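# Got a predicted structure plus its sequence, pasted below:
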Amino acid sequence: MTDRDRAAGPRRRLRRLQRRLTLAYTLTTLVGVSVLSWLVIHTDGRSWRNAEFDEMLRHAAVSTSLIYYTDAGVQLDGLRDDESTRGRHQVFVLLSRTRIGTPAKGVADGAGKDTTGRTAAGRATDEVRTTGAVRPTGRARPAGPGGLDRVFTSGSRSVPVSDERIAALARTAMDEDVTVREEVPAGARTAYAVARPFYHDETQETTGAVVVIGDPGLRMAEHTRLTYAVLTGSGLLTLLAAFTGHLLSGRSLRPAWQALEAQERLLADAAHELRTPVAIMRSSMDVAGTDPRNLPTHLPRIRRATDRLTDVVENVLTRGRLQDSAASFSPVPLRLDQLVEDACGELPPGRLTLTLRLDESVVDADPALTRVAVRNLLDNALRHGRTPGDPHGGAEIDVSVRGHTVSVADRGPGVAVEELPELTVRFRSRGGGSGIGLSLVREIAAAHGGTLTARPRPGGGAAFLLALGPAGQARHARAGTS
């Protein structure tokens, strides 16, 4: 398995986790929106239903109030011209046969004659169910079983409710002396029905009932439009929630992605940096193994490789600290000049000309990280700042401390200002090295709220300037990047 395959495993798991978080967020939103949509649609439908029944109840109440009795019988003339019987609802008036047993209780108009033109004496032997005066035929129509005659019908029957059902509603309202409201079958549809009894003016006996039939489809069109709007809005809101959930899950997993990338960089640094010194040590040991008498000649090379290996491990661990949480970053008041002097004292002996100009300076910095940064600058000067033309390969290094800035200058080939960003990228070096040293110095400077810059040195060479932030700024800079 390659390194890329190993890295792809955690990345796949993070992507899978992001998809699961997005799905969970979307499903949660979908359930909430669905419940809310159902409540809105159900509440709106019930309000439309109640409004329809309320209007039908009002028509039934008005219609029963317009029915009255005289000596000529029941009077229905007020129903013809009233708005309650000319609207979109159907109004039926049903009269009981058994409860109007005298001729005086027949159906009559306001002139004292029934609708057939007979007087009260002429109606003495007539059956009431044959006196449908308010219908064009002049005769009442049987409304079904139960001894009820339909004596009034408004408009055309647009809702096909059976006569038996209408008669049953009227009979229930009369027998129980209550107003009945029901949903009744009307062919393949459902209709609303309200039945209200009416009474004889003198005896207060229930003599009939008014039945109002309504078509819910005429008024539910607005409810249907609302339903479509709510469902469409719910779908769009769910899609928006899915998109938002994807963004939020990605943002919440950003620290995990950063930690994974930091771990990959750390492993890459370790693998890249350890490869060279380990190879040197192995080759030296192999050569020395073939001729043990030449071992002393290979020991310095092995020692240098060991020192390099130690530096690599220290740099990799330092980078790990920088990539870790802010808990591992501990800035304290620090004598910068003394730290630089100690670091210069650890330089290996050899053909080295070292000039120190150290001003007393106190900075707010992490001692371990600052020491690593100064060591890396000195190591860079030793490796790449050897004086050109010196047959012994000696190096001339000037180190100075002024304020919060450490300057390390050499007599090497020099570096242009525009080349510094490339030199501080990992695995890029002007002399064939890994480039991790300068990149680590740049990261340490940034963690302290400072910078790493380079400039040409008069007379040849380059000067690298590590500027640390003033006291108190290091904590703020680290907090802003954590």
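Perfect, I can see it now.

# Sketch out the strands for the stretch 151-300 of the chain, chain order is fine.
For the stretch 151-300 of the chain, the strands defined by DSSP state E, counting those that start in this stretch cover 180-186, 189-199, 206-214.

# Next, the angle from the last one to strand 189-199.
In this structure, strand 206-214 runs at an angle of 150 degrees to strand 189-199, with axes from the mean of the first three to the mean of the last three CA atoms, to 10 degrees as the basis.

# Direction included, what does strand 206-214 pair against?
Here strand 206-214 has these sheet partners by DSSP bridges: strand 90-96 (antiparallel), strand 189-199 (antiparallel).

# what about it, average pLDDT?
Averaged over strand 206-214, pLDDT sits at 93.

# looking at the strands of the stretch 151-300 of the chain, which is buried most?
strand 206-214 (a mean of 25; mean count of other CB atoms under 10 Å). C-beta coordinates here come from the backbone N, C-alpha and C atoms, glycine included.

# Next, the angle from that one to strand 180-186.
Using the same axes, to 10 degrees, strand 206-214 lies at 50 degrees relative to strand 180-186.

# hmm, back to that, the strands of the stretch 151-300 of the chain into TSV, with extra columns for distance to T238?
Formatted as TSV, the strands of the stretch 151-300 of the chain follow (distance: least, CB to CB, whole Å):
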stretch	distance to T238
strand 180-186	33
strand 189-199	32
strand 206-214	36
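
# S65: which of those is closest?
S65 lies closest, by CB to CB, to one member of the strands of the stretch 151-300 of the chain: strand 189-199, at 8.5 Å.

# Please state the offset of that closest one from the chain centre?
50 Å (CA atoms, centre = their mean, to the nearest Å).

# Using PDB, write out every CA atom in it.
Output in PDB follows, covering the C-alpha atoms of strand 189-199 (Å, rounded to 0.1, in the frame of the first residue of the first chain):
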ATOM      1  CA  ARG A 189     -67.600  13.100  -4.300                       C
ATOM      2  CA  THR A 190     -68.500  14.200  -0.800                       C
ATOM      3  CA  ALA A 191     -70.900  17.000   0.000                       C
ATOM      4  CA  TYR A 192     -71.700  19.100   3.100                       C
ATOM      5  CA  ALA A 193     -75.200  18.900   4.500                       C
ATOM      6  CA  VAL A 194     -76.900  20.900   7.200                       C
ATOM      7  CA  ALA A 195     -80.500  20.100   8.400                       C
ATOM      8  CA  ARG A 196     -82.400  22.500  10.700                       C
ATOM      9  CA  PRO A 197     -86.000  21.900  12.000                       C
ATOM     10  CA  PHE A 198     -88.700  24.500  12.000                       C
ATOM     11  CA  TYR A 199     -91.900  24.700  14.100                       C
END
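
# Report the mean per-residue pLDDT for that strand.
92.

# So which residues of the protein form helices?
3-65, 77-80, 163-176, 216-219, 221-252, 254-290, 295-323, 336-345, 367-384, 420-423, 436-447, 473-481 (DSSP state H).

# The longest one: how far from the chain's middle?
It refers to helix 3-65. 15 Å.

# Against A305, how distant is S283?
According to CB to CB, to the nearest Å, S283 stands 9 Å off from A305.

# out of those two, which sits in the busier spot?
Taking neighbours as other CB atoms under 10 Å, S283 and A305 compare with A305 leading, 20 against 14.

# so who does the more buried one touch?
P277, V278, I280, M281, S284 (CB atoms under 8 Å, 6 or more residues apart in numbering).

# and the last one, how far is that from D307?
S284 sits 13 Å away from D307, going by CB to CB.

# Same question for the second one.
Separation of V278 from D307 (CB to CB): 13 Å.

# and V408, what pLDDT?
Taking V408 on its own, its pLDDT is 93.

# Check S37 too.
pLDDT, S37: 93.

# cool, R335 as well?
For R335, pLDDT reads 92.

# I am assuming it contacts D364, so please confirm or correct that.
No: applying CB atoms under 8 Å, one finds R335 not in contact with D364, separated by 11.7 Å.

# Could you check which of these two has the larger neighbour count?
D364 (19 against 16).

# Tell me what the more buried one is bridged to.
Beta bridges link D364 to P333 when assigned by DSSP bridges.

# Quickly note the distance from it to Q18.
39 Å.

# how many other residues sit next to R58?
13.

# doesn't S84 make contact with it?
Yes: here R58 reaches S84: they are 7.5 Å apart, a contact under CB under 8 Å.

# Let me see the contact set for the nearest residue to L466 once chain neighbours are set aside.
Sequence neighbours aside, V406 is the residue nearest to L466 in space, at 4.5 Å (criterion: CB to CB, 6 or more residues apart in numbering). Neighbour list for V406: L336, V340, A373, V374, L377, V399, S400, L465, L466, L468 [criterion: CB under 8 Å, 6+ apart].

# That'll do, ta.
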